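Enquirer: output the structure for:
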Amino acid sequence: MEEQATVTRRSRPDTRRSRPATGQRLWAALALLLTVATIVFAIVVSIEHFPTGLAVLACLALALCAAWFGATRRGAERLIGVALAVLLVAGAVVIVVVEQRLLKDLLVAGGVFATLAAARLTFVPHVRWPPAKAPANPVLFYNPLSGGGKAERFHLAAEARRRGIEPIELRRGDDLETLVRDAVERGADALAMAGGDGSQAIVAMVAAEHDLPYACIPSGTRNHFALDLGVDRDDVVGALEAFSDGGERRVDLAEVNGRVFVNNVSLGLYAEAVDRPGYREAKLHTLLETVPDVLGPEATPLDLQWSGADGTRQPVAILISNNPYRLGRALGSGTRPRLDQGLLGIAVLGQTTGSTDGRSLRRLTSQYWSASSFEIEAGRPVPAGIDGESVHLDPPLRFRMRPGALRVRIAHHHPGGSPSALEPEAPRKLPGTLVRLAAGLPPAV
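Expert: Numbering: from 1, shown residues only. Below you'll find the predicted structure:
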């Protein structure tokens with residue numbers, strides 16, 4: 001398998017070395033123009049209204065602190081924190097209005113958003129993967145309830161039949177893995193799934209076991225796997241063209257204790273929220289009710305231990321992903337530039353405790369690294385969210401990669417790559433990359 005993965009990575013389309021298309025050059029030039037104009041205008045506004053701009057920033061910073069205080073408390077303390085945050089934001093608005101700079105600030109904000117939008121469009125991938133032979137007996141599994149009923153709304157079953165794809169509806173009480181294995185035994189030579197990422201993982205697992213081509217149909221709620229594969233999430237029906245007019249690539253799968261996942265496994269804050277009754281009906285409310293238990297002053301760190309990178313040993317949340325995510329960036333944040341690196345992405349949010357003038361202080365810390373395998377010890381079963389599904393995992397939790405395990409088909413008219421695939425890894429390289437693209441030169445590798 002490792003040899004196969006190495007060949008796959010070598011044959012990966014090198015989109016960075018090709019010269020930019022005309023549209024990409026125009027978007028890059030527009031992004032640069034908007035950047036310069038927004039910076040100059042923001043400086044002029046700041047000088048003209050100095051020092052009231054500092055007061056606005058101070059109000060907003062204090063509002064964030066108050067909101068955090070309220071989020072990590074309950075009862076009266078939460079109400080006080082939220083109320084104070086609202087008052088501080090209102091104060092910032094009043095200052096802006098009194099100084100008659102509302103329109104100018106809105107123009108600055110609009111310039112920032114327009115710049116980011118132009119930069120995103122500059123790096124939209126258009127990867128054409130090698131064409132593949134159309135399967136003779138493709139099968140589509142679909143969840144009619146997923147994504148608010150997208151499969152029904154787009155008449156996915158009828159569209160699949162029209163393309164020679166057998167649709168199989170997932171009904172309440174059905175075991176998806178059993179349905180997929182039965183279809184393979186009947187002669188299915190390609191598998192597709194229209195549903196959430198938890199269901200995508202099951203179908204992808206069986207497809208990888210039998211080395212069958214697989215297509216991800218974006219009819220779930222968020223469709224994170226589809227996004228990073230380069231499937232157009234707004235083109236549910238068009239994704240079916242992956243079998244009739246699509247290219248093929250190989251991507252990695254990951255597993256924890258033998259269970260395959262396509263996106264990530266979360267431990268801590270999110271996993272605790274998903275594990276609680278009523279999460280599906282009231283996600284935001286349940287998450288807010290979980291925050292004080294995990295991040296509040298009375299919270300206790302997760303009872304988890306691991307070996308690996310140095311760093312926090314008081315974790316409040318851990319995210320282990322199938323290939324590393326790009327985090328904390330204005331562009332491409334929350335996406336994975338590649339799905340064929342053969343590496344787990346490991347992100348840990350923790351707390352450190354110190355004291356000042358006799359008072360105990362807690363500070364959030366973060367750490368992020370990559371590894372081909374990872375193991376976590378615990379004293380009891382660990383609540384986890386695997387691709388958004390709530391489970392309990394028996395310790396130790398053993399994570400490992402399956403490099404190049406999955407043959408993925410993607411329609412030729414879809415992007416074919418992650419939104420962050422073409423972006424420079426270091427943010428400091430972004431201006432230079434935009435300049436090169438606008439000048440018609442390939443980005444520096």
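Enquirer: for the stretch 1-150 of the chain, what are the low-confidence residue spans?
Expert: 1-20 (pLDDT under 70).
Enquirer: check contacts around the closest residue to A226 other than its chain neighbours.
Expert: Sequence neighbours aside, P218 is the residue nearest to A226 in space, at 4.0 Å (criterion: CB to CB, 6 or more residues apart in numbering). In short, each C-beta sits where N, CA and C put it, glycine included. The neighbourhood of P218, defined by CB atoms under 8 Å, 6 or more residues apart in numbering, consists of 194, 226, 231-236, 239.
Enquirer: I'd guess Q367 is in a helix, am I close?
Expert: No - counting by DSSP: H, G, I helix; E, B strand; the rest coil, Q367 is not found in a helix; it is strand.
Enquirer: check what pLDDT it gets.
Expert: Reported pLDDT at Q367 in the predicted model: 87.
Enquirer: burial count for it?
Expert: 16 (other CB atoms under 10 Å).
Enquirer: same check on the one 5 residues further on?
Expert: Under the neighbour criterion other CB under 10 Å, S372 is assigned a count of 12.
Enquirer: distance of it relative to I346?
Expert: S372 sits 11 Å away from I346, taking CB to CB, to the nearest Å as the criterion.
Enquirer: just the buried subset of the contacts of P218, please.
Expert: 194, 226, 231-233, 235-236, 239 (16 or more other CB atoms under 10 Å).
Enquirer: just the CA trace of stretch 133-147, in CSV.
Expert: Presented in CSV, the C-alpha positions along stretch 133-147 are these (Å, rounded to 0.1, in the frame of the first residue of the first chain):
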residue,chain,number,x,y,z
LYS,A,133,-13.5,4.0,-17.6
ALA,A,134,-17.2,4.2,-16.8
PRO,A,135,-18.3,1.4,-14.5
ALA,A,136,-20.9,-1.1,-15.7
ASN,A,137,-22.9,-1.5,-12.5
PRO,A,138,-22.6,1.6,-10.3
VAL,A,139,-24.7,1.8,-7.2
LEU,A,140,-25.8,5.0,-5.3
PHE,A,141,-26.8,4.9,-1.6
TYR,A,142,-28.8,7.9,-0.4
ASN,A,143,-30.2,9.1,2.8
PRO,A,144,-33.5,11.0,2.0
LEU,A,145,-33.4,12.9,5.3
SER,A,146,-29.8,14.1,5.1
GLY,A,147,-29.2,17.8,4.5
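Enquirer: buried residues of that stretch, list them for me.
Expert: 134-135, 138-144, 146-147.
Enquirer: need the longest helix for this protein.
Expert: helix 22-48 (DSSP state H).
Enquirer: helix or strand right after it?
Expert: helix 52-71 (DSSP states H and E).
Enquirer: re the thing from before, elements contacting the longest helix of the chain?
Expert: Helices and strands touching helix 22-48, by 3 or more CB pairs under 8 Å, 6 or more residues apart in numbering; DSSP states H and E, are helix 102-122, helix 430-438.
Enquirer: show me the helices in this structure, by range?
Expert: 2-10, 22-48, 52-71, 75-98, 102-122, 150-153, 156-162, 176-185, 197-209, 224-229, 241-244, 269-274, 283-295, 430-438.
Enquirer: got the angle for the last one vs helix 102-122?
Expert: The directions of helix 430-438 and helix 102-122 differ by 60 degrees, with axes from the mean of the first three to the mean of the last three CA atoms, to 10 degrees as the criterion.
Enquirer: which residues touch helix 430-438?
Expert: 20, 24-25, 28-29, 31-32, 35, 119, 122, 331, 423-424, 442-444.
Enquirer: could I get the buried residue list for that helix?
Expert: 430, 433-434, 436-438.
Enquirer: between these, which sits nearest R380?
Expert: Ranked by distance to R380 (CB to CB), these are led by L430 at 45.0 Å.
Enquirer: touching, R329 and P427? I think so.
Expert: Yes - under the criterion of CB atoms under 8 Å, R329 makes contact with P427 at 6.2 Å.
Enquirer: what about G342, how many neighbours?
Expert: For G342, using other CB under 10 Å, the count is 21.
Enquirer: which non-adjacent residue is nearest it?
Expert: Closest to G342 by CB to CB, 6+ apart is P403, at 3.8 Å.
Enquirer: kindly report the same for T52.
Expert: E99 (5.2 Å).
Enquirer: residues near the one you found, how many?
Expert: 16.
Enquirer: one step back: adding distance to S321, write the buried residues of stretch 133-147 out as JSON lines.
Expert: Shown next, in JSON lines, are the buried residues of stretch 133-147 (distance: CB to CB, whole Å):
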{"residue": "A134", "distance to S321": "32"}
{"residue": "P135", "distance to S321": "30"}
{"residue": "P138", "distance to S321": "29"}
{"residue": "V139", "distance to S321": "28"}
{"residue": "L140", "distance to S321": "27"}
{"residue": "F141", "distance to S321": "24"}
{"residue": "Y142", "distance to S321": "26"}
{"residue": "N143", "distance to S321": "23"}
{"residue": "P144", "distance to S321": "29"}
{"residue": "S146", "distance to S321": "22"}
{"residue": "G147", "distance to S321": "22"}
